[in-house]
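> Kindly return the folded structure for what I paste below:
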Amino acid sequence: MVKRVERLKEREHAVPALLYPDISLRKGATACADNAAGPHHVSEPSTPTPRSASPATQNRQLRIAETFTSLQGEGRLTGVPSFFIRTSGCNLRCWFCDTPYASWNPEGDRLSIESLVDAAIESSISPDAAGPPTNESSDDANSAHAADPANAPIPVRHVVLTGGEPLIAAGFPELAAALREAGMHVTVETAGTVDVDFPCDLLSLSPKLRASRPDPKAHPKWSRRHEERRMPVATMRSLIERSPAVQVKFVVDSPEEFGEIEEVVTDLRIDAADVWIMPQGVSVEQLDDAAQWLTPWASQQGYQYCDRMQIRWYGNRRGT
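I've put the predicted structure just below:
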């Protein structure tokens, strides 16, 4: 078993189990990574090196909904083989959430940081799976292909920390630090509602628009909480400023949200080139329909259109 981090710097403030926008934490002490890389640079992962874990890191556990190896389906790293770690629990309740098992009905076991880092380092993907999936090969051909030494599994060096909302998990900064200490490239996917210091290589920020609010009649308490928490602009700015590379993804349900998106982009002070526009949908048909009116507008604004390739490749299912 590969040993982990010898010693992680102790944080000045403990991270509580659940954090919300009105909780003030220390800012600026830990940058997401070396800011000299520039706002549009996504660094390459280094080769993992054996390390030994500190007792604090070794014993810290996080509730994890799932881990899996797949291709990144969204944003600037689309198509990159990645190891996904999905934390369980969220402080928002988007009505269209496609991972209810990590938000509306959170599930999962508590796993140690050491075991998660080990799993990430040991993750690999076959050469065939490293490209868009196909159904052309027969079972016999697949068996012969797998037996060829040239088709040995490819180590995965990109990790995606997602949720739910990973930033509310106690131990999340330590997990991100341990993964980067181990030489992994770390993408953090977050709604940006809590200000927590953590190291990363790419911040993938997904602000939630007004239409994401759940039905106030069916879910009055969560509807109110969601609206209160979903758009803390100052918190999002802090996360962006500390990040070496950023992509800001908006899930769009209708053209009526165009004006709101432009307002948020202005408030966050981000470049159009860092904005990714993504259709709300869980089927290829829904994605295709939305692309007809969403792609031209994104192009006109100078934004990037962000398809959901995992749905096109695998369908709307877990572990992809």
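
> neighbours of residue 162, just the number please.
Residue 162: 21 surrounding residues under other Cβ atoms under 10 Å. All C-beta atoms are positioned from the backbone trio N, CA, C, and that covers glycine.

> Which residues does it form beta bridges with?
residue 86 (DSSP bridges).

> what about residue 227, neighbour count?
Residues near residue 227, counting by other Cβ under 10 Å: 16.

> isn't there a helix covering it?
Yes - applying DSSP: H, G, I helix; E, B strand; the rest coil, one finds residue 227 inside a helix.

> gap between residue 89 and residue 155?
30 Å (Cβ to Cβ, to the nearest Å).

> ok, now residue 189?
22 Å.

> Which one's more surrounded, these two?
Under the neighbour definition other Cβ under 10 Å, residue 189 and residue 155 were set side by side, and residue 189 has more, 23 against 14.

> Can you name the residues that contact that one?
The contact partners of residue 189, taken as Cβ atoms under 8 Å, 6 or more residues apart in numbering, are 160-163, 166, 204, 206.

> Tell me the first helix or strand C-terminal of the helix or strand containing it.
Per DSSP states H and E: residue 189 is located in strand 185-190. Next helix or strand after strand 185-190 toward the C-terminus (DSSP H and E): strand 202-205.

> Off-centre distance for that next one?
7 Å (Cα atoms, centre = their mean, to the nearest Å).

> so what strands line up beside it?
strand 185-190 (parallel), strand 246-252 (parallel).

> Nearest to residue 276 among those would be which one?
strand 246-252 (4.5 Å; Cβ to Cβ).

> remind me which residues of the stretch 1-150 of the chain are low pLDDT?
Residues of the stretch 1-150 of the chain that meet the criterion pLDDT under 70 lie in 1-44, 46-59, 131-150.

> Contacts for the longest helix along the chain next, please.
Taking DSSP state H as the criterion, the chain has its longest helix at helix 284-301. Here helix 284-301 makes contact (Cβ under 8 Å, 6+ apart) with 252, 255, 258, 262, 272, 275, 277, 279-281, 304-305, 307-308, 311-312.

> Just the buried ones from these?
252, 258, 275, 277, 279-281, 304, 307-308, 311 (16 or more other Cβ atoms under 10 Å).

> Any chance of TSV for the residues you listed, columns pLDDT, distance to residue 101 and secondary structure?
Output for these, formatted as TSV (pLDDT from 0 to 100; distance: Cβ to Cβ, whole Å; DSSP: H, G, I helix; E, B strand; the rest coil):
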residue	pLDDT	distance to residue 101	secondary structure
252	95	24	strand
258	98	31	helix
275	98	29	strand
277	97	26	strand
279	94	22	strand
280	91	19	coil
281	90	19	coil
304	96	29	strand
307	91	24	coil
308	90	18	coil
311	91	17	helix
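
> Residue 78 is in contact with residue 309, correct?
Yes - the pair residue 309 / residue 78 is scored as a contact, 5.7 Å apart, by Cβ atoms under 8 Å.

> So between the two, which is more surrounded?
Per other Cβ under 10 Å, whichever of residue 309 and residue 78 has more neighbours is residue 309, with 18 against 15.

> and the strand ranked longest in the chain, what does it pack onto?
Scanning the chain for the longest strand, with DSSP state E as the assignment, gives strand 61-71. On a contact count with 3 or more Cβ pairs under 8 Å, 6 or more residues apart in numbering; DSSP states H and E, strand 61-71 meets strand 81-87, strand 109-112, helix 113-122, helix 309-314.

> Output the below-cut-off pLDDT ranges for the stretch 201-320 of the chain.
Across the stretch 201-320 of the chain, nothing is flagged by pLDDT under 70.

> One more pass at 90, please.
315-320 (pLDDT under 90).

> re the thing from before, pull the strand holding residue 189 out as CSV, backbone CA atoms only.
Only the C-alpha atoms of strand 185-190 are listed here, as CSV (Å, rounded to 0.1, in the frame of the first residue of the first chain):
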residue,chain,number,x,y,z
HIS,A,185,-4.3,17.1,-10.6
VAL,A,186,-7.3,18.2,-8.5
THR,A,187,-10.5,19.8,-9.9
VAL,A,188,-13.0,21.0,-7.3
GLU,A,189,-16.7,21.2,-8.4
THR,A,190,-18.7,23.5,-6.1
